[in-house]
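A.B. asks: For reference, the sequence and a predicted model appear below.
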Amino acid sequence: MQVCYRYCYLTMVTCVIMVCMYLVFLSPADELTEDICACKHCVRQQSRSTWFNELYDLSIPPLLTRENYMLSGDVYKYWKDLQKNTNEANYTEVVERLFSLFPDNEHYLDAGPARCRICAVVGNSGNLKGSQYGHLIDLHDFVIRINKGPTEGYEKDVGSKTTHRFIYPESAMDVDNTTHLVLSPFKILDMEWLISAFTTKNITRTYKKVRPSVNANRHKVMILHPAFIKYVHEIWLLKHGKYPSTGFLAIIFALHICDQISAFGFGADQYGNWYHYFEKTAYNLRTGAHSGSFEFDTMMQLYLEYKIQVFRGR
Ligand SMILES: *[C@@H]1O[C@H](CO)[C@@H](O)[C@H](O)[C@H]1NC(C)=O
Ligand SMILES: *[C@@H]1O[C@H](CO)[C@@H](O)[C@H](O)[C@H]1NC(C)=O
Ligand SMILES: *[C@@H]1O[C@H](CO)[C@@H](O)[C@H](O)[C@H]1NC(C)=O
């Protein structure tokens, strides 16, 4: 009897402790995961840290449409000052021409309990060299690549699938018929270039020589919303750098349209060198127009809060 009392007492205490631990460590948000998405982890799930919850704003549209193209005064001013702008094209008219050529669809509004979309964002860091990540990258539903980062000849390390490629005129390259070409417009001329690249091909210079045309499926072209660029720069990067890098824009884009995100090919290699996996010369990409280190620190914070996985390569 004596033993049982002690035993029951201990059991009761253990139970009370476990209930308390459950209440303290498992916030209600954890139990709601299955209503948010069908993956194991859902990026939309409320974080326990206020940092992520305060920055992550799903009301900002990632992509431009005819419905949402109007820019508020502060977005327009921000966007106009990003890069030297000598042309005075009428924004409304340029957008009208854009959507007479390219699809005007709302995309990726399908977030919900039935969706598990797993995305890889593949940067161009030299740390991909010899990483053997190719197979793993290709297993993702979406594989988002950046600027000129090639796959041909690098398949073992970077994979071969590309569902989206983020470019701007000065970094453009051809994509195959199944890939979404995603323009990141840092100025109105970038939108005019996109139109020209699929029609007259007569824009050959921006602030430097650019490709007059690009091979891509016109029906799959997408344009980032200027308000999204401002949001990434001011809210996520606290205005570090002149504007966000294409790679960082792609990471936040993925946070908005995917349920689970892995980042490959960001940051330095194991020796601290910042360079592109497809270029021989190692040069310092940390400086320049972007704040490479602040962007990388922000990515690492996302990693620490289980919002993205980061594969560091070698
Ligand atoms: C731009 O074009 C639209 C439609 O053609 C016109 O209504 C508007 O006044 C123009 N804006 C400027 C600043 O010229
Ligand atoms: C590319 O895809 C579009 C439809 O998305 C199709 O109309 C076109 O014929 C395709 N072109 C090639 C070269 O396969
Ligand atoms: C390109 O061609 C169009 C139509 O022919 C013309 O309106 C436009 O001014 C030209 N742009 C340049 C930069 O030559």
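C.D. replies: Great, that's in hand. Ligands and ions are numbered 1, 2, ... in the order given.

A.B. asks: Enumerate the residues of the stretch 51-200 of the chain near ligand 3.
C.D. replies: By C-beta under 6 Å from any ligand atom, the residues of the stretch 51-200 of the chain that approach ligand 3 are T200. Yep, even glycine has a C-beta here, placed from its N, CA and C like the rest.

A.B. asks: Strands along the stretch 51-200 of the chain, start to end?
C.D. replies: Along the stretch 51-200 of the chain, counting by DSSP state E, counting those that start in this stretch, strands occupy 118-122, 142-146, 164-167, 180-183.

A.B. asks: Is it possible to get JSON lines of these that adds mean neighbour count and mean pLDDT?
C.D. replies: JSON lines is the format used below for those (neighbours: other C-beta atoms under 10 Å; pLDDT from 0 to 100):
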{"stretch": "strand 118-122", "mean neighbour count": "26", "mean pLDDT": "98"}
{"stretch": "strand 142-146", "mean neighbour count": "25", "mean pLDDT": "98"}
{"stretch": "strand 164-167", "mean neighbour count": "24", "mean pLDDT": "98"}
{"stretch": "strand 180-183", "mean neighbour count": "23", "mean pLDDT": "98"}
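
A.B. asks: among those, which is nearest P61?
C.D. replies: strand 180-183 (13.6 Å; C-beta to C-beta).

A.B. asks: who does that closest one pair up with?
C.D. replies: strand 164-167 (parallel), strand 222-223 (parallel) (DSSP bridges).

A.B. asks: one step back: so can I have TSV of the strands of the stretch 51-200 of the chain showing distance to N105?
C.D. replies: Converted to TSV, the strands of the stretch 51-200 of the chain look like this (distance: least, C-beta to C-beta, whole Å):
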stretch	distance to N105
strand 118-122	19
strand 142-146	16
strand 164-167	15
strand 180-183	11
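
A.B. asks: Reformat those as JSON lines; add distance to ligand 2.
C.D. replies: What follows is these, written out as JSON lines (distance: least, C-beta to the nearest ligand atom, whole Å):
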{"stretch": "strand 118-122", "distance to ligand 2": "21"}
{"stretch": "strand 142-146", "distance to ligand 2": "17"}
{"stretch": "strand 164-167", "distance to ligand 2": "15"}
{"stretch": "strand 180-183", "distance to ligand 2": "11"}
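
A.B. asks: among those strands, which is nearest V232?
C.D. replies: strand 164-167 (12.1 Å).

A.B. asks: Show the contacting residues for the residue of the stretch 51-200 of the chain found nearest ligand 3.
C.D. replies: Going by C-beta to the nearest ligand atom, ligand 3 is nearest to T200 of the stretch 51-200 of the chain, at 4.2 Å. By C-beta atoms under 8 Å, 6 or more residues apart in numbering, no residues touch T200.
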